[in-house]
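In: With the sequence up front, the predicted model follows.
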Amino acid sequence: MARLNLGLCSALVGSAWLAACATASHEAAFRAKEVELFRARQEASIVCTSTAACDDAWKRTETYVAGHSATRIVQADDAVIQTAFPHAFGFVYLAASKDADGKGGTAIRLKAMCRGMYDSDGKAGLLYSTCAKSIISVETGFRPWLEKRSD
């Protein structure tokens, strides 16, 4: 009987250790992806100094938003471009803003979002990995696309 208890204890300790390692690994991967998302968000902006350049960049931003969102544009004015909230989970929707950058220029910023990426408590949702990959792709592609298009 003592041998059975020892075996059971060993199995439980081993399972707990594996679960702890898996949780730590999952948390480390989540933190790394969050850093990657933060960097992508930082790259998803431009600053223009002339009105003509900004007007052109803003028009091209609207084209980019329309081409990279799973939903249609519901608001497009001189300061905001926004697409509809998707009905389904796992789809990217976008918002762009244009405002003074505080240094005499105008900043255009893109923000990609994805329904189902986070749980209500702010932790990774079921579609976190899929959403993160899509958001990073859209946000890191924004500035190069604008710069390429302006040549």
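Out: Perfect, I can see it now.
In: quick check: mean pLDDT across stretch 32-46?
Out: When pLDDT is averaged over stretch 32-46, the result is 91.
In: and the closest residue to residue 130 other than its chain neighbours, what does it touch?
Out: Excluding its sequence neighbours, the residue lying closest to residue 130 (Cβ to Cβ, 6 or more residues apart in numbering) is residue 90, at 5.5 Å. C-beta here means a position set from N, CA and C on the backbone, and glycine is covered the same way. Counting by Cβ atoms under 8 Å, 6 or more residues apart in numbering, residue 90 touches 114-116, 127, 130-131.
In: These: which two are farthest apart?
Out: Using Cβ to Cβ, the contacts of residue 90 span at most 11.2 Å, a distance reached by 115 and 130.
In: Would you list the phi and psi of the residue nearest to residue 130?
Out: Residue 90 adopts backbone torsions of phi 90, psi 10, taken as degrees, to the nearest 10.
In: and the gap between it and residue 68?
Out: Distance, residue 90 to residue 68, by Cβ to Cβ, to the nearest Å: 15 Å.
In: Over to residue 141?
Out: Counting by Cβ to Cβ - residue 141 and residue 68 are separated by 8 Å.
In: Let me see the ranges of the strands in this protein.
Out: 45-48, 73-76, 80-83, 92-100, 106-114 (DSSP state E).
In: can you put these in a markdown table and add mean neighbour count and distance to residue 26?
Out: Output for those, formatted as a markdown table (neighbours: other Cβ atoms under 10 Å; distance: least, Cβ to Cβ, whole Å):
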| stretch | mean neighbour count | distance to residue 26 |
| --- | --- | --- |
| strand 45-48 | 19 | 31 |
| strand 73-76 | 14 | 36 |
| strand 80-83 | 20 | 31 |
| strand 92-100 | 18 | 23 |
| strand 106-114 | 21 | 19 |
